[in-house]
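1. Task: produce atomic coordinates for the following.
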Amino acid sequence: MTLPTPSEGGVSFGASDAASSGGASAPAEPPSHLIYRHQARLGTSLRALWGSRDIIYTLAERDLRAQYKQATLGLLWALIFPLAMLGIFTIIFSRTSSNGVPGIPYPLFAYTGILCWTFFSGSFGTGGTSLLTNNALMSKTQFPRECFPLESILVNAVNSVLAWIPLLLLFVIYRFVPHPTTVWVPLLILIELAFTVGITIGVSALIIQMRDIAQILPIVIMLGLFATPVIWQFKRIPAKWQLVYGFINPLGPVIDDIRRTMLQGLNPVPGPLLAAIAGAVFYLAVGYRIFKRFEVNFADIA
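-> Next comes the predicted model:
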């Protein structure tokens, strides 16, 4: 009697392997073209991810506790880091008029950019390597692998929320009242979140395949700080390149529009904002697609 040949997606693994083992076992692993072209239904994946949201919360709580467990100052460290950056930037760059906005205290100008940057850089740095740092847990459990980079982003989101407290104090110190156009800020934060999630999950999947990227990551983050309008004005980018820049780096228009709406009482500039939205959606779609293509063998090579 001939045993049926195991197959997946209409592609046979080969009957010779089954025959050589007495027909009792499948091949050790599927062909590489199935591993690296793994297809996953978007709806099914998102439902599974939503069903695992409690795991994300649990992992995030674990990391938050571990981050501050034996620290004397505890959660205050979430405030100290951005304040230290603010102090350095204020001392070095505040005397250069082209770096700030006339009529706006430089600490307010710089700190709004620092808040956006620290959330992105922290999420990108820890989330990008989250699959490597959780490889032992990943190989022993069955839940969506997206949980690992997403919980890293959630941890940094909590830290960023705490870091908004000094901004409120700066408003009091400088007797500055945010303008009504601040209502745009939630939309701008959502754009940054989509961009951060997309690039983080995409890079986390690539790092599993190419470990050298993990060594390059800190360099990219360091250079990105100066390539993003954290300490300088977005208008220093030539007008003809602002749309291109906004698509490549959505953080630029996001930071600029947060300053415009919150500190200057102006509406966002439509062109760069739309470019940032398009870029964020692009990174989210491509990053998630890369992640789902490679996730089938994460536990095997992590």
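2. Where does the prediction get shaky in the stretch 151-300 of the chain?
-> Where the stretch 151-300 of the chain drops to pLDDT under 70, the residues are 297-300.
3. Show me what the helix or strand harbouring F195 is packed up against.
-> F195 belongs to helix 185-209 when assigned by DSSP states H and E. Using 3 or more Cβ pairs under 8 Å, 6 or more residues apart in numbering; DSSP states H and E, the elements in contact with helix 185-209 are helix 106-128, helix 130-133, helix 147-173, helix 212-227, helix 251-259, helix 270-294, helix 298-301. Heads up, the C-betas are built off the backbone N, CA and C, glycines and all.
4. avg pLDDT for the following helix or strand past the second one?
-> Tracing the chain C-terminally past helix 130-133 and defining elements by DSSP H and E, one meets helix 135-138 next. Across helix 135-138, the average pLDDT comes to 78.
5. same for helix 135-138, what does it pack against?
-> Using 3+ Cβ pairs under 8 Å, 6+ apart, the elements in contact with helix 135-138 are helix 298-301.
6. Out of the helices and strands packed on helix 185-209, which gets nearest to V203?
-> Judged by Cβ to Cβ, the one of the helices and strands packed on helix 185-209 that comes nearest to V203 is helix 106-128, at 4.4 Å.
7. re earlier: go through the helix holding F195 and flag the buried ones.
-> Applying a neighbour-count criterion of 16 or more other Cβ atoms under 10 Å, one finds 185, 188-189, 191-208 buried in helix 185-209.
8. Could you single out the most deeply buried of the helices and strands packed on helix 185-209?
-> Per residue and on average, the most neighbours among these fall to helix 251-259, with a mean of 26 (mean count of other Cβ atoms under 10 Å).
9. between that one and helix 106-128, how many degrees?
-> Taking axes from the mean of the first three to the mean of the last three Cα atoms, to 10 degrees, one finds that helix 251-259 is oriented at 140 degrees with respect to helix 106-128.
10. Please shift the residue numbers so they start at 210 in all later answers.
-> Happy to do that; since the first residue is 210 now, the last one works out to helix 460-468.
11. got JSON lines for the helices and strands packed on helix 394-418, with distance to L268 too?
-> What follows is the helices and strands packed on helix 394-418, written out as JSON lines (distance: least, Cβ to Cβ, whole Å):
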{"stretch": "helix 315-337", "distance to L268": "12"}
{"stretch": "helix 339-342", "distance to L268": "9"}
{"stretch": "helix 356-382", "distance to L268": "4"}
{"stretch": "helix 421-436", "distance to L268": "20"}
{"stretch": "helix 460-468", "distance to L268": "26"}
{"stretch": "helix 479-503", "distance to L268": "17"}
{"stretch": "helix 507-510", "distance to L268": "16"}
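12. nearest to A448, of those?
-> The stretch from the helices and strands packed on helix 394-418 with the least distance to A448 (Cβ to Cβ) is helix 479-503; that distance is 9.0 Å.
13. Just list what the closest one packs against, helices and strands only.
-> In terms of contacts (3+ Cβ pairs under 8 Å, 6+ apart), helix 479-503 is packed against helix 394-418, helix 451-457, helix 460-468.
14. Now that A494 has come up, it's in contact with G407, right?
-> Yes: using Cβ atoms under 8 Å, A494 is in contact with G407, at 7.2 Å.
15. okay, now T350: neighbour count?
-> By other Cβ atoms under 10 Å, 12 other residues sit near T350.
16. ok but it is inside a helix, no?
-> No: with DSSP: H, G, I helix; E, B strand; the rest coil as the criterion, T350 is coil rather than part of a helix.
17. Roughly how far does it sit from I416?
-> Taking Cβ to Cβ, to the nearest Å as the measure, T350 and I416 are separated by 20 Å.
18. who's in contact with the residue nearest the centre of the chain?
-> Compute the mean C-alpha point of the chain, and by Cα atoms, centre = their mean the closest residue is T405, 2.9 Å away. By Cβ atoms under 8 Å, 6 or more residues apart in numbering, the residues touching T405 are 328-329, 332-333, 362.
19. can I get these in JSON lines with distance to R262?
-> JSON lines is the format used below for those (distance: Cβ to Cβ, whole Å):
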{"residue": "F328", "distance to R262": "20"}
{"residue": "F329", "distance to R262": "22"}
{"residue": "S332", "distance to R262": "17"}
{"residue": "F333", "distance to R262": "22"}
{"residue": "I362", "distance to R262": "13"}
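20. For V412, give me its contacts.
-> By Cβ under 8 Å, 6+ apart, the contact list for V412 reads 333, 337, 422, 426, 496.
21. Need the max-distance pair from those residues.
-> Every pair in these was compared (Cβ to Cβ); the two farthest apart turn out to be L426 and G496, at 14.7 Å.
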